[in-house]
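1. build the 3D model from these lines:
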Amino acid sequence: MRRSLAAVLLLVQPLYVIVELLVARASSAPYSLRDNTISDLAAVSCTQIPYPAGPVPVCSPGHPWLNGAFIAFGLALVVGALLLPRAWRPGRLGSVAVGCWVASGLSSIATGLVPLDVDLELHTLVSL
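-> Numbering: from 1, shown residues only. Alright, predicted model coming up:
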């Protein structure tokens, strides 16, 4: 049971891309998968973000969905990594890998909790 739950939690991660594409499609500001950051889609207000290359307009009515996805998929990654059977992650290297997955999941959760237009510096820190 534990192995199955871990597998499901880790295998749902690609569904995040579907959420991103749906939110990008609904964006009120011009959005390019190539030129914009995904965080632009999670902005909670219609504003301009002062990037070093110049201000970028953001306006995403789907921001609750994307921020929720950051949080939900981050939780899934943390729990899935912690539930991995020890047989799949033996030794120190396995522990480091699990630690990296947990850190990645926590970063995703924090990214969803601190959108870039709320606190750009903190958002940048937690999303890195």
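
2. isn't there a strand covering Arg25?
-> No. Checked against DSSP: H, G, I helix; E, B strand; the rest coil, Arg25 lies outside a strand; its state is helix.

3. contacting residues for it?
-> Contact analysis of Arg25 by CB atoms under 8 Å, 6 or more residues apart in numbering lists nothing. (Each C-beta comes from the backbone N, C-alpha and C, glycine too.)

4. recalculate using a threshold of 10 Å.
-> By CB atoms under 10 Å, 6 or more residues apart in numbering, the residues touching Arg25 are Tyr31, Gly62.

5. with Leu120 instead?
-> Ser39, Ile49, Pro50, Tyr51, Val114.

6. ok, so of those, who is nearest Cys59?
-> Ile49 (10.9 Å; CB to CB).

7. next one: that closest one from Gly94, what distance?
-> 39 Å (CB to CB, to the nearest Å).

8. thinking again about what came up before, selection in PyMOL covering whichever of the contacts of Leu120 are buried, please.
-> Of those, the buried ones go into a single PyMOL selection, burial set by 16 or more other CB atoms under 10 Å:
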select buried, resi 39+49+114
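
9. next step: the contacts of Leu120 restricted to strands.
-> For those, membership in strands holds for Ile49, Pro50, Tyr51, with DSSP state E as the criterion.

10. isn't the first one up against Val56?
-> Yes. In this structure, Ile49 is within contact of Val56 by CB atoms under 10 Å, at 5.0 Å.

11. what sits in contact with each of these two?
-> By CB under 10 Å, 6+ apart, the residues touching both Ile49 and Val56 are Asn36, Thr37, Asp40, Ala43.

12. mind putting those into a markdown table with distance to Pro64 and neighbour count?
-> Listed next are these as a markdown table, based on distance: CB to CB, whole Å; neighbours: other CB atoms under 10 Å:
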| residue | distance to Pro64 | neighbour count |
| --- | --- | --- |
| Asn36 | 19 | 19 |
| Thr37 | 18 | 14 |
| Asp40 | 15 | 26 |
| Ala43 | 11 | 25 |
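
13. just give me the closest of those to Ser28.
-> The shortest gap between Ser28 and any of the shared contacts of Ile49 and Val56 belongs to Ala43, at 10.6 Å (CB to CB).
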